[in-house]
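Enquirer: no FASTA, just this:
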């Protein structure tokens with residue numbers, strides 16, 4: 001006989017080795033005469049599938065075959081309270097009796113929603129719930145019909161009623177007479193109709209309640225407290241502005257502003273006798289006045305227009321033509337013949353490598369003289385920076401200039417770079433010059449050198465197909481170039497106007513939130529009122545400065561300049577100034593369009609300068625020599641034109657920056673400061689109103705962020 005001490009050990013061993021055998025000794029959960037057997041207990045039948053788990057294994061609420069909610073799998077319905085339910089195949093409803101299911105099959109009416117004599121509400125799956133639980137925001141039916149919006153579901157129990165609202169709590173709600181946006185009970189609607197007191201529709205069963213537009217009630221203290229408490233947000237002033245609408249309006253505004261500028265320029269060129277035409281007038285900000293405003297022969301003032309404008313702004317004496325021609329002449333360079341494919345792609349027969357030894361000394365002597373004149377020094381480098389198509393071509397010239405500079409600066413490369421920065425300024429062309437003498441050219445410049453033959457080939461094909469004349473561009477190419485140079489400025493201008501309109505919306509949000517929280521008494525909250533006022537004043541000051549800029553620079557913006565003898569000066573100037581004031585909101589776009597126009601034209605002119613080459617072989621006849629001299633003069637003329645166009649482009653970029661900086665410093669910065677103060681001051685517990693809460697929820701509505709159940713909102 002085993003001892004009593006060994007029996008428990010054997011029992012534990014048997015349970016560990018044969019667990020299934022141990023479990024099988026326990027009774028399984030099942031339906032019995034007493035109810036639902038759960039372990040050693042037996043629950044009453046009404047606790048089976050009642051929505052509350054009573055068994056440890058949750059079998060009384062299980063949905064597997066023969067578990068609590070699926071005792072009759074062939075019925076197609078849940079077995080609520082352990083009873084068999086019968087399905088109506090026509091509507092999909094479940095009934096507690098076979099007679100009701102058969103009646104449903106024969107009927108064509110709406111679903112039956114009454115149970116227990118009408119005191120409770122029947123779900124589509126057969127379960128009965130309290131009427132107060134219908135459409136209360138919490139799902140009580142397994143099929144969700146108590147919160148459904150479909151006809152005859154919980155929240156739409158009376159779809160046949162005209163103007164019906166959500167049926168909160170299973171009750172009939174209707175539109176309030178005289179206030180149709182408000183849903184209220186039938187009783188209150190009758191009171192409001194008989195007494196002509198529409199405010200009665202807002203009453204609730206609680207004394208301190210306020211009824212939302214959708215019919216639900218909230219506490220009266222939650223009305224206009226800055227936080228939407230109604231599901232339809234009717235307790236707060238609705239913000240009907242969204243960021244997407246601002247974005248669309250911004251794009252339309254910028255497009256309209258740019259379009260006005262391009263249209264005015266087109267009309268100016270097509271109509272010679274327009275507002276801008278005057279024989280005594282020539283804008284110092286326009287290119288080739290003769291081209292835009294040609295005057296008839298013999299008319300007074302022709303002498304003024306005879307002298308090209310580029311000769312006035314960039315005299316020939318300021319450009320070192322002798323040294324430029326010496327460095328341009330292929331006869332002064334060691335050359336080698338290009339391959340057949342490269343000749344066909346680029347249209348060039350020879351490539352240069354180094355200056356001939358007998359030319360270097362003379363060129364160096366001229367360079368020393370040019371070095372002493374800062375203006376001629378500047379134009380020497382800028383000419384070749386504009387003339388050379390790639391950094392590799394530019395390096396052939398700058399390497400010689402760099403070696404001469406090194407001799408002047410005791411072979412100190414840093415001093416040479418400083419000298420170039422001092423005399424040439426900071427620009428993309430200066431960057432190309434420095435890059436051309438670097439030990440390792442940039443990736444961008446290497447790509448430009450690699451793809452230059454292909455680019456030149458495509459240009460030749462395009463010009464031949466469009467039959468473009470020398471030094472002229474076809475209309476399609478002008479349009480495409482203008483669009484290309486407009487893309488990036490268009491995005492920048494759109495962001496600029498989006499910022500302006502957004503700041504206006506922010507001030508509107510601040511003000512509406514203050515009105516709500518103060519119950520239309522904003523002056524009682526001085527700090528919050530001053531914040532809103534400060535934001536409004538900053539935006540107003542910005543717009544006033546925009547008017548000042550537009551008025552002061554009107555002649556430059558509209559490109560109207562006048563001679564002192566012009567009889568049309570007074571009325572032209574007055575009209576120009578008035579027009580600038582009227583169009584001041586659009587003038588930043590107008591200025592940007594001028595910058596884009598001259599930038600595109602400068603690019604095309606620079607391209608003509610880069611492709612105007614001398615004959616492939618040394619001139620042997622006098623006609624060829626004259627052609628070579630003529631090309632040299634034409635290149636200098638194109639360079640002057642490029643410099644003038646660059647000056648105009650930079651002028652309008654500077655004017656546009658006035659608008660941008662003013663908006664950033666006064667407008668946007670002020671709004672940011674106000675937002676910071678709202679966050680750290682108005683949110684304190686000792687404040688009478690919490691303005692930041694009202695602003696926060698309006699900003700969420702502005703950006704389309706849900707304030708209920710949203711991760712972003714949290």
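Expert: Arrived safely, thanks for sending. These numbers come from a predicted model, not from an experiment.
Enquirer: can you pull out the helices in the stretch 451-600 of the chain?
Expert: For the stretch 451-600 of the chain, applying DSSP state H, counting those that start in this stretch gives helices covering 475-517, 526-552, 554-557, 569-582, 587-611.
Enquirer: Please name whichever of the ones you listed is nearest to residue 208.
Expert: helix 475-517 (18.7 Å; CB to CB). The way it works is simple: take the backbone N, C-alpha and C, and place the C-beta from them, glycine included.
Enquirer: helices and strands around that closest one, which ones?
Expert: helix 243-270, helix 443-466, helix 526-552, helix 587-611, helix 669-680, helix 691-702 (3 or more CB pairs under 8 Å, 6 or more residues apart in numbering; DSSP states H and E).
Enquirer: TSV for those, including mean neighbour count, mean pLDDT and distance to residue 90?
Expert: Below are the helices and strands packed on helix 475-517 laid out as TSV (neighbours: other CB atoms under 10 Å; pLDDT from 0 to 100; distance: least, CB to CB, whole Å):
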stretch	mean neighbour count	mean pLDDT	distance to residue 90
helix 243-270	15	81	46
helix 443-466	14	80	72
helix 526-552	17	92	62
helix 587-611	22	90	65
helix 669-680	16	86	60
helix 691-702	22	81	44
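Enquirer: can I get those helices in CSV with distance to residue 209?
Expert: Below are these laid out as CSV (distance: least, CB to CB, whole Å):
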stretch, distance to residue 209
helix 243-270, 35
helix 443-466, 69
helix 526-552, 28
helix 587-611, 52
helix 669-680, 31
helix 691-702, 21
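Enquirer: among these, which is nearest residue 662?
Expert: Using CB to CB, those put helix 526-552 closest to residue 662, at 5.1 Å.
Enquirer: and the closest one with helix 669-680, angle?
Expert: Counting by axes from the mean of the first three to the mean of the last three CA atoms, to 10 degrees, helix 526-552 points 170 degrees away from the direction of helix 669-680.
Enquirer: how far is helix 526-552 from where the chain is centred?
Expert: Computed by CA atoms, centre = their mean, to the nearest Å, the chain-centroid distance of helix 526-552 equals 25 Å.
Enquirer: same deal with stretch 467-483?
Expert: 32 Å.
Enquirer: Tell me the span between the first and last residue of that stretch.
Expert: 22 Å (CA to CA, to the nearest Å).
Enquirer: Counting neighbours, which bits of it end up buried?
Expert: 468, 473, 477, 481-482 (16 or more other CB atoms under 10 Å).
Enquirer: Helices of the stretch 201-350 of the chain, start to end?
Expert: Counting by DSSP H, counting those that start in this stretch, the helices of the stretch 201-350 of the chain are 243-270, 289-292, 302-306, 309-313, 321-328, 340-346.
Enquirer: Tell me which of the helices of the stretch 451-600 of the chain lies nearest to residue 100.
Expert: Going by CB to CB, the one of the helices of the stretch 451-600 of the chain nearest residue 100 is helix 475-517, 52.3 Å.
Enquirer: How far off centre is the closest one?
Expert: How far helix 475-517 lies from its chain's middle: 9 Å, per CA atoms, centre = their mean.
Enquirer: so it versus helix 669-680, what angle?
Expert: Going by the same axes, to 10 degrees, helix 475-517 makes 30 degrees with helix 669-680.
Enquirer: Does residue 158 belong to a helix, a strand or coil?
Expert: Here residue 158 is recorded as coil under DSSP: H, G, I helix; E, B strand; the rest coil.
Enquirer: what residue ranges in the protein score low on pLDDT?
Expert: In the predicted model of the chain, residues 1-29, 116-118, 162-163, 267-312, 337-352, 560-570, 615-620, 706-714 satisfy pLDDT under 70.
Enquirer: Ignoring the adjacent residues along the chain, who's closest to residue 111?
Expert: Distances taken as CB to CB, 6 or more residues apart in numbering place residue 152 nearest to residue 111, at 5.1 Å, with adjacent residues excluded.
Enquirer: In terms of helix, strand or coil, where does that neighbour fall?
Expert: Under three-state DSSP, residue 152 comes out as coil.
Enquirer: Does it touch residue 160 like I think?
Expert: No - using CB atoms under 8 Å, residue 152 makes no contact with residue 160, being 9.4 Å away.
Enquirer: who's more crowded, these two?
Expert: Using other CB atoms under 10 Å as the criterion, residue 152 and residue 160 rank with residue 152 on top: 19 against 8.
Enquirer: For that one, which residues are in contact?
Expert: Listed by CB atoms under 8 Å, 6 or more residues apart in numbering, the contact set of residue 152 reads 110-111, 113, 159.
Enquirer: Quick check on these: which are buried?
Expert: Looks like the contacts of residue 152 have 111, 113 buried, using 16+ other CB under 10 Å.
Enquirer: what would the contacts of residue 152 look like in CSV with distance to residue 699 and secondary structure?
Expert: Putting those into CSV (distance: CB to CB, whole Å; DSSP: H, G, I helix; E, B strand; the rest coil) gives the following:
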residue, distance to residue 699, secondary structure
110, 44, coil
111, 44, coil
113, 42, coil
159, 37, coil
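Enquirer: hang on, the earlier thing: which stretch among the helices of the stretch 451-600 of the chain comes nearest residue 31?
Expert: Nearest of the helices of the stretch 451-600 of the chain (CB to CB): helix 475-517, 59.3 Å.
Enquirer: those strands in the stretch 151-300 of the chain, which residues are they?
Expert: With strands called from DSSP state E, counting those that start in this stretch, the stretch 151-300 of the chain shows them at 173-176, 179-185, 209-211, 217-219.
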